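> coords below, sequence missing:
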């Protein structure tokens, strides 16, 4: 990774983090509870990072072409306002069309375009561009310039891996959420077919016992397993895999039937031991095929060394982690993603 690219990544991270702090701080104070604003689970608001990079490069462009400082400042404000407004519009439009949800809505503001952008906030972006280039960015650049090249590269790799991981999980979880939306292009009408795959399992007393135990956050083991099962079913059905085995294995993957938060009940080494416990319990109540067996015993990879053998096992392994992250984030102190804005509701910081 080149030094220039590493530095750009760190600039992105700093300003994406700053945007997240502004968004989350404002929303939390306003609602008197912690609210994780934005699309991603972690502490990044990417639109702030990308917007800052556009402004920085616009400043470099104007500095090389305009000698008069006053004229250069006015041009920078205008160019930055246009560029970031364009970024805001494209981002809002794509997210609305793909996920059928708006993370900000300017419909109540004058001179708005589709509710995605408005003149008021375009002017605000211009003002932010001036403050960023005149005060904040020189300080950030100075700090990074004084850091050793090895530290910059290592930090950039950490940011890249973290961002890709967070983005992948956030996109998958949001995609899963929008399955039930009426307007979603990914929506299935195969509820009866899914129910036929797992109806006998859900009617079993041992499976219903999972509802007695909390799994992640405020979600019971049964609800968690149902969510994993449904997501795995939909992915495998779309990919023309064995969706029946994926649905059934996903429903039974956590059939360990104890409170794993209690070390005396078996929770001390729960992460390493519960797949085999769940497999034994599942085999006690029904006959499993080889895919279902592989799904149950290997769903904790890579925490457990057993590598999934079948494609359906990989799907359930991924679905389990996506759903778990979703449940943990929403269960911490009542934390939730604040992205259901009412018509015309546009807080000052909104990504």
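Yes, it's here. Nothing here was measured: the structure is a model prediction, and the numbers come from that model.

> contacts and neighbour counts: CA atoms only from here.
Will do.

> now the helices for the stretch 1-150 of the chain?
3-31, 46-63, 69-99, 119-131, 137-145, 149-177 (DSSP state H, counting those that start in this stretch).

> now the stretch 201-350 of the chain
205-208, 221-238, 243-252, 270-285, 290-298, 311-331.

> still on that earlier bit, select, out of the helices of the stretch 1-150 of the chain, the one closest to residue 320.
Across the helices of the stretch 1-150 of the chain, residue 320 has its closest neighbour in helix 149-177 (11.0 Å, Cα to Cα).

> state the number of residues packed around residue 276.
Residue 276: 18 surrounding residues under other Cα atoms under 10 Å.

> next one: the one 5 residues further on
Number of residues near residue 281 (other Cα under 10 Å) recorded here: 18.

> and it, what is it in contact with?
The neighbours of residue 281, taking Cα atoms under 8 Å, 6 or more residues apart in numbering as the test, are 255, 256.

> let me know the pLDDT of the residue lying closest to residue 140 once chain neighbours are set aside.
Leaving aside its chain neighbours, residue 140 sits nearest to residue 11 (7.9 Å; criterion: Cα to Cα, 6 or more residues apart in numbering). pLDDT, residue 11: 95.

> give the contact list for residue 11.
49, 53, 140.

> looking at the second one now. What's its pLDDT?
Just to be clear, that refers to residue 53. 94.

> roughly how far apart are it and residue 290?
51 Å (Cα to Cα, to the nearest Å).

> on that earlier part again, could you identify the buried members of the contacts of residue 11?
Neighbour-count burial (16 or more other Cα atoms under 10 Å) applied to these gives 49, 53.

> so which of the contacts of residue 11 comes closest to residue 89?
residue 49 (15.6 Å).

> I'd assumed residue 20 was in contact with the closest one.
No. If you go by Cα atoms under 8 Å, residue 49 and residue 20 don't touch, sitting 9.8 Å apart.

> intersection of neighbour lists for those two?
What both residue 49 and residue 20 touch, as defined by Cα under 8 Å, 6+ apart, is an empty set.

> what residues does stretch 54-69 touch?
By Cα under 8 Å, 6+ apart, stretch 54-69 touches 72, 75, 76, 79, 80, 83, 84, 129, 133.

> now stretch 315-330
With contacts defined as Cα under 8 Å, 6+ apart, stretch 315-330 is touched by 41, 169, 172-173, 216-219, 224, 227-229, 231-232, 235-236, 246, 249-250, 295, 298-301, 335-337.

> can I have the buried ones of the residues you listed as a PyMOL selection?
With 16+ other Cα under 10 Å as the criterion, this PyMOL line picks the buried residues out of these:
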select buried, resi 41+169+172+173+216+217+219+224+227+228+229+231+232+235+236+246+249+250+295+298+299+300+336+337
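
> coming back round to it: for the contacts of stretch 54-69, give me JSON lines that also has pLDDT and neighbour count.
Formatted as JSON lines, the contacts of stretch 54-69 follow (pLDDT from 0 to 100; neighbours: other Cα atoms under 10 Å):
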{"residue": "72", "pLDDT": "88", "neighbour count": "18"}
{"residue": "75", "pLDDT": "92", "neighbour count": "17"}
{"residue": "76", "pLDDT": "91", "neighbour count": "25"}
{"residue": "79", "pLDDT": "92", "neighbour count": "19"}
{"residue": "80", "pLDDT": "92", "neighbour count": "28"}
{"residue": "83", "pLDDT": "93", "neighbour count": "18"}
{"residue": "84", "pLDDT": "93", "neighbour count": "25"}
{"residue": "129", "pLDDT": "92", "neighbour count": "28"}
{"residue": "133", "pLDDT": "91", "neighbour count": "19"}
